[in-house]
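K.L.:
Sequence below, structure please.
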Amino acid sequence: MQILVIRTDKPDSEIGLFDDDKKIAYEIWPAHRHLAETIHLKIQAMLKKQSLTIQDIEGIVIYKGPGSFTGLRIGISLANALASSLAVPIVGESNEEWLSAGLQCLAAKEDDRQVSPLYGGEPHITQPRK
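P.N.:
Purely as a prediction, here's the structure:
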């Protein structure tokens, strides 16, 4: 099973490709404020280097938080959209062992269907000015 893994909760973002639990490729890059512009290109380049296409992805593991609001929103939106459009299972994990836990969940045929971010606290919403 070809699995795409994504982590976007901090300034350095991560993507990887696994064949079941065997790491094929992994990249960490300083995405910071350019995550939305770079993540698609990074995934495309990684797949191309492995002679794969996006249609070869059979599962997705995403780090769901806690972490940066914008980073999590971008990464999880991308992961959910890919899982839905490719009709593949998606698993979100939130602990230090997120990657191995997510890979184990996919191996056990688990599917979150849609992952929601875990921001680590309640939102701080200000009252509108009158």
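K.L.:
what about the nearest residue to Gln114 once chain neighbours are set aside, distance to Pro30?
P.N.:
Residue nearest to Gln114 in three dimensions, not counting chain neighbours: Asn80, with 5.4 Å by CB to CB, 6 or more residues apart in numbering. C-beta here means a position set from N, CA and C on the backbone, and glycine is covered the same way. As defined by CB to CB, to the nearest Å, Asn80 lies at a distance of 24 Å from Pro30.
K.L.:
Which of these two has more residues huddled nearby?
P.N.:
Of the pair Asn80 and Pro30, Asn80 is the one with more neighbours under other CB atoms under 10 Å, namely 19 against 11.
K.L.:
what helix or strand is the more buried one on?
P.N.:
Asn80 is part of helix 69-86 when elements are defined by DSSP states H and E.
K.L.:
so what secondary structure elements neighbour that helix?
P.N.:
Using 3 or more CB pairs under 8 Å, 6 or more residues apart in numbering; DSSP states H and E as the contact test, the elements touching helix 69-86 are strand 2-7, helix 35-49, strand 59-63, strand 90-93.
K.L.:
who's in contact with the residue nearest to Gln114?
P.N.:
With contacts defined as CB atoms under 8 Å, 6 or more residues apart in numbering, the neighbours of Asn80 are Ile90, Gln114, Val115.
K.L.:
which of the helices and strands packed on helix 69-86 is buried the deepest?
P.N.:
Each of the helices and strands packed on helix 69-86 was assessed for mean neighbour count using mean count of other CB atoms under 10 Å. The highest is strand 59-63, with a mean of 27.
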